[in-house]
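[1] Quick one, structure for this:
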Amino acid sequence: MRPLVLFDLDNTLIDRLDAFRTWVAEFAAGRGLPGDAAQWMITLDADGSMPMNAFFEAVRDRFALPEPAEALWLAYRARLPELVVCRPETLSALAGLREAGHPIGIVTNGMTDNQTGKITTTGLDAYADGWAISDAEGIRKPDPRLLEIAASRCGASPVGGWMIGDDPVNDISAGQAAGMGTIWIDRGGPWPAGRPRPDHVARDAATAARLVLGHDTFTG
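    Sure thing, here's the model as predicted:
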């Protein structure tokens, strides 16, 4: 068996930010919100870094919406998986990893219904041997135990495998703590000063998969 390859989900395998922008536009138009509402919500979300329960509390209060924040969040979790896509080249790269004998897993922070919906509607479930979602497990990245759970579901060890993701802390630091080689998906932001560097940098998940295929084992 080739080494395990774990992928982050949002903004690694799928473009969460693009789907979120589409959702924001729908939400603002459907409720007749002011013209600056969409950009305000995108800024508030901070590329997914704001907890969504707090996000919907703020949205409800700013626009004086009648529904509880929890109801808004629940509706969002039902809709967003319908808006995300996984690019064909990403699915092709995952197929290449599987053909080469690499177990593939997904490890993601987020709510179980939302993240599972993204995995299944994009077809990623056909390529992954297993996954772990923070809400379901009660553990969040960068805790390496979430990676270990995902690895066990793939029938593999994280040690000597690869962790691929866009977050320097939640993905790269977690992978390093789990004894994995790491590939950072650079979406244009700076690498945090003083933080241990990843083993490789890639522009997207498909490029990262090709890097993995050039290694039988991690020897860094």
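
[2] So, low pLDDT: which residues of the chain?
    Along the chain, segments meeting pLDDT under 70 span 216-220.

[3] Tell me where it has strands.
    5-7, 104-108, 130-133, 162-165, 181-185, 200-202 (DSSP state E).

[4] can you redo these as CSV with distance to Met52 and mean neighbour count?
    Glycine gets a C-beta too; all of them are placed from N, C-alpha and C. Formatted as CSV, the strands of the chain follow (distance: least, CB to CB, whole Å; neighbours: other CB atoms under 10 Å):
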stretch, distance to Met52, mean neighbour count
strand 5-7, 21, 30
strand 104-108, 14, 27
strand 130-133, 14, 23
strand 162-165, 19, 30
strand 181-185, 22, 24
strand 200-202, 28, 18
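
[5] got CSV for these, with distance to Thr121 too?
    Formatted as CSV, these follow (distance: least, CB to CB, whole Å):
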stretch, distance to Thr121
strand 5-7, 17
strand 104-108, 14
strand 130-133, 14
strand 162-165, 20
strand 181-185, 21
strand 200-202, 25
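
[6] Can you give me the first-to-last residue distance of stretch 81-100?
    One end of stretch 81-100 sits 29 Å from the other (CA to CA, to the nearest Å).

[7] rewinding a little: between the strands of the chain, which gets nearest to Glu70?
    Across these, Glu70 has its closest neighbour in strand 130-133 (18.9 Å, CB to CB).

[8] In CSV, could you pull the C-alpha coordinates for the closest one?
    Only the C-alpha atoms of strand 130-133 are listed here, as CSV (Å, rounded to 0.1, in the frame of the first residue of the first chain):
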residue,chain,number,x,y,z
GLY,A,130,-13.0,7.6,4.7
TRP,A,131,-13.4,11.0,6.3
ALA,A,132,-13.6,12.7,9.7
ILE,A,133,-15.6,15.8,10.5
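
[9] Which other helices and strands does it contact?
    In terms of contacts (3 or more CB pairs under 8 Å, 6 or more residues apart in numbering; DSSP states H and E), strand 130-133 is packed against strand 104-108, helix 112-121, helix 144-153.

[10] can you pull out the helices in the chain?
    With helices called from DSSP state H, the chain shows them at 16-30, 37-45, 52-63, 69-83, 88-99, 112-121, 134-137, 144-153, 174-177, 205-213.

[11] Now do the contacts for Arg121.
    Not Arg; residue 121 is Thr. Thr121 is in contact with Pro81, Glu82, Val84, counting by CB atoms under 8 Å, 6 or more residues apart in numbering.

[12] Let me see the contact set for the first one.
    Going back to what we said before, that points to Pro81. Asn114, Gly117, Lys118, Thr120, Thr121.

[13] Most neighbours of all these, which one?
    Neighbour counts for the contacts of Pro81, by other CB atoms under 10 Å, peak at Lys118, which reaches 28 neighbours.
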